[in-house]
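Novice: make a model of this:
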Amino acid sequence: MLLPVLMIPSMLKLQTKNQEARKAATANLNMAQFLKSATEPNERLKSNKPWAVQYYTKRITFA
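Specialist: Residues are numbered from 1 along each chain as shown. Okay, the predicted model is just below:
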């Protein structure tokens, strides 16, 4: 019976967390589109998350 009472505060914050995640995802997609348009397909990119950059931009990336 105590579990639902403990879960209520985190459930109320869930909508805010979803909005923040959506903003971050939109910003990342915008950055990927910029990189895709600003670089040539054969250029190599350096990133701290090379797998994500490579997936969204279809460019060769390395750490």
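Novice: and the helices in the chain, which stretches?
Specialist: Taking DSSP state H to define them, one finds helices in the chain at 2-38, 50-57.
Novice: ok, which of those comes nearest residue 44?
Specialist: helix 50-57 (10.0 Å; CB to CB). From N, CA and C alone the C-beta is placed, and that goes for glycine too.
Novice: which secondary structure elements does the closest one sit against?
Specialist: Counting contacts by 3 or more CB pairs under 8 Å, 6 or more residues apart in numbering; DSSP states H and E, the secondary-structure elements packed against helix 50-57 are helix 2-38, strand 60-62.
Novice: helices or strands up against the longest one?
Specialist: Under the contact definition 3+ CB pairs under 8 Å, 6+ apart, helix 2-38 sits against helix 50-57.
Novice: any low-confidence regions in this structure?
Specialist: Along the chain, the model assigns pLDDT under 70 to residues 1, 14.
Novice: so which residue is dead centre in it?
Specialist: Compute the mean C-alpha point of the chain, and by CA atoms, centre = their mean the closest residue is residue 25, 4.3 Å away.
Novice: now that residue: how far from residue 37?
Specialist: Noted for residue 25: a distance of 19 Å to residue 37, by CB to CB, to the nearest Å.
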